[in-house]
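In: my questions concern the predicted model and sequence given below.
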Amino acid sequence: MPASCASISPRRSTRQPCSARRRRASAWPPRRSARPDSVPDSVPDSGGLAGPLPRFADLTTMRVGGLPARLLSPATEQELVDAALTTWGSGDEWMLLGGGSNTVVSDDGFDGTVIRVLTRGVTVLEPGVGNAVAADRVRLRVQAGESWDDLVAHTVARGWSGLEALSGIPGSTGAAPVQNIGAYGQELSDSLVAIDFLDYETGIRHRIEAAELELGYRTSALKQGRRGLVLVVELELHDTQAEASVLGSALSQPVAYPQLAGALGVQVGDRVPLGVLRASVLALRGAKGMVLDAGDPDTNSAGSFFTNPIVSLAFSRTMPDAAPRWPLSDPELPDRVIPLDEYYGVGPIEDATPVRLVKLSAAWLIENSGISRGFRLPGSRAAISSKHTLALTNTGGATADEIGQLARFVQGRVQSEFGVILQPEPMLVGLSL
Ligand SMILES: Cc1cc2nc3c(=O)[nH]c(=O)nc-3n(C[C@H](O)[C@H](O)[C@H](O)COP(=O)(O)OP(=O)(O)OC[C@H]3O[C@@H](n4cnc5c(N)ncnc54)[C@H](O)[C@@H]3O)c2cc1C
C-alpha cells in the first residue's frame, strides 16, 4: 500500500488521497441521509450477499437483533481495508462482525455501518532460509474472515498441533484474538505470534506482536477498547509430521484439562493422536450444546454468556467450600498485609504485594443460586440452555430484550446469593445489563 494511503487519520479528514479509494468513496458507503427510514438499504456487497439488508437475527448465532443501517461484506483484503478506511473517514458509527457468535445486538439494530469480514485464505510459512520458523514448527498467516473451526480441522489433518483443543469454537479467525478464545486447556495465546492490524486511530496498518495484545482470560487490548480491524492472524504450531513417521500418528499437545483427559481415558499431561483429541472435544462440546447445530435450539446462543469471575483469594474464602475455584497467581505469594499507618481506607496501595487471584465457576454460582438448566422467565422465549447453565439461548423467536431480561435476572440472583456480579462475555451492542 502506498504510504499516502496508509497514513490518513480517519477521524480528522474524510479526504481519500489514494486514487483507488477516491473512486469508491462517492458510492460506498451510501450516506444515511439519502435513505428513507422505512426502506432498508440493499447490501453494497462484494461478498456474494447482495439483496435486502439482513437483520442481526440472521447475522448472529443468538438470532436476535434488528437491522443495521448499512452492511458491507468485503471478501478480499484490499476491499476490507478500503471498506474500513472509507467508513471511518465518513465519520459514521461502525462495527465489525465475523461469524456473529459473540455478539448480541438490540432489537433496535445498529444505526451505523456494519463491516462483515469475509476474507478467506491461509498462507503457510515452512522453516527455511530467511524466515524465523524453527525446524519443528510451522507458521500460518490466516485471513481474518477464515472460519476458525475450518482452520482447526485443516491443521489437525496436516499433523500440526496447538489448536486441537479449540475445535468446534464457532466464528472467524479475526475475532479469535479479541477475547483470546480458549477451551479445554488451550488458548489462542498459546499459538498466536502476531496480528496485522488496521488501526482506527491512525488509519495505519501495522503488525502487533502477541505480547503487546494484553491477552488474558477471555480478554485482550482489542476487547478493552483498542479500536481497529484485525486483517491477518499469524500463528505458530508444532509440526508433528516427523514425530508421526516414527510413532505412526501425529500427537496433540499435552492434554491440559481433567474433563478432557477423563473422556480420553488418559492422564492430564498425556498426548494422544490429534484426530482423537479433536473428536473427543467435539463430542464433549456437542453434549453441552457448544457446537453450532441448526437442529439444536440450545446452540442459538453466544456460547458462555458470562465469564468466570476472578476475585481476590480473600473474597473467595467467603464462598461455600463446595464452590470450585482455581488459583490464578503464584500460590507461593505471601498474604498481602497492609500496615495500618499505610492504609487510607480505599484504593490500591502502591508497591504493595500483589493480590492473589482466584477464578470461580460462573456455572456453579448460577446453579447454586437456584437457576437450573432450561430455566426461563414466565412468558419468555429466552432460556438457560437445557445442557449448560452458562449459555443463554433463544428457544425460537426470542427478542434481544428477552435475552437481556434473563441475563439481568441471572446476574441479580448470583449477586444476592454470593455477592459476585457476573460479567457478560459477548459484545453487547445497544444492550446493557
Ligand atoms: C455455541 C458457541 C460456543 C462457543 N464456545 C466458545 C469457547 O469455547 N471459547 C471461546 O473463547 N468462545 C466461545 N464462543 C464465543 C465465540 O465463538 C468466539 O468468541 C469467537 O471468536 C467469535 O468469533 P466471531 O467471528 O463469531 O465474532 P463476532 O461475534 O462476529 O465478533 C466478536 C467481537 O469481535 C469483533 N471482531 C470480529 N471480527 C473482527 C476483526 N476482524 N477485527 C477486529 N475485531 C473483530 C467484533 O466487532 C466483536 O466485538 C462460543 C460461541 C458459541 C455460539
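Out: The structure has been received and is ready for your questions.

In: leaving out chain neighbours, which residue sits closest to residue 385?
Out: Distances taken as Cβ to Cβ, 6 or more residues apart in numbering place residue 391 nearest to residue 385, at 3.9 Å, with adjacent residues excluded. C-betas here are computed from N, CA, C, even on glycine.

In: same question for residue 300.
Out: Nearest one to residue 300, counting by Cβ to Cβ, 6+ apart, is residue 394 at 4.1 Å.

In: likewise residue 381?
Out: The shortest distance from residue 381 to any non-neighbouring residue, by Cβ to Cβ, 6+ apart, is to residue 398 (3.8 Å).

In: what helix or strand does the one you found sit in?
Out: Using DSSP states H and E, residue 398 sits in no helix or strand.

In: ok, it - how many residues close by?
Out: Residue 398 has 24 neighbours, counted by other Cβ atoms under 10 Å.

In: quick one: it from residue 379, how far?
Out: 11 Å (Cβ to Cβ, to the nearest Å).

In: cool, residue 290 as well?
Out: From residue 290 to residue 379 the distance is 27 Å (Cβ to Cβ).

In: who has more neighbours, these two?
Out: A direct count of neighbours by other Cβ under 10 Å for residue 290 and residue 379 places residue 290 higher, at 25 against 6.

In: now the more buried one, what's its secondary structure?
Out: Here residue 290 is recorded as coil under DSSP: H, G, I helix; E, B strand; the rest coil.

In: separation between it and the ligand?
Out: 4 Å (Cβ to the nearest ligand atom, to the nearest Å).

In: touching, that residue and residue 388? I think so.
Out: Yes - shown here, residue 290 and residue 388 form a contact pair, counting by Cβ atoms under 8 Å, at 6.8 Å.

In: and residue 99, what does it touch?
Out: For residue 99, the contacting residues are 61, 147-148, 170-172, 175, by Cβ atoms under 8 Å, 6 or more residues apart in numbering.

In: what distance do you get for whatever residue of the stretch 201-350 of the chain ends up closest to the ligand to residue 172?
Out: For the stretch 201-350 of the chain, the residue closest to the ligand is residue 303, as judged by Cβ to the nearest ligand atom, at 2.4 Å. Using Cβ to Cβ, we find residue 303 at a distance of 14 Å from residue 172.

In: tell me which of the two has more neighbours.
Out: For residue 303 versus residue 172, neighbours defined as other Cβ under 10 Å are more numerous around residue 172 (29 against 26).

In: not counting sequence-adjacent ones, nearest residue to the more buried one?
Out: residue 98 (3.0 Å).

In: now do the contacts for the one you found.
Out: Applying Cβ under 8 Å, 6+ apart, the residues near residue 98 are 116-117, 144-145, 171-172, 174-175.

In: and the ligand, which of the residues you listed contact it?
Out: By Cβ under 6 Å from any ligand atom, the members of the contacts of residue 98 lying near the ligand are 117, 144, 171-172, 174-175.

In: coming back round to it: got a markdown table for the contacts of residue 99, with pLDDT and secondary structure too?
Out: Converted to a markdown table, the contacts of residue 99 look like this (pLDDT from 0 to 100; DSSP: H, G, I helix; E, B strand; the rest coil):
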| residue | pLDDT | secondary structure |
| --- | --- | --- |
| 61 | 98 | coil |
| 147 | 98 | strand |
| 148 | 98 | helix |
| 170 | 98 | coil |
| 171 | 98 | coil |
| 172 | 98 | strand |
| 175 | 98 | coil |
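
In: among the residues you listed, which one sits closest to the ligand?
Out: If you rank the contacts of residue 99 by distance to the ligand using Cβ to the nearest ligand atom, residue 171 comes first, at 2.2 Å.

In: quick check: closest non-adjacent residue to the closest one.
Out: residue 99 (3.8 Å).

In: around the ligand, pick out the residues from the stretch 1-150 of the chain.
Out: 61, 95-103, 117, 144.
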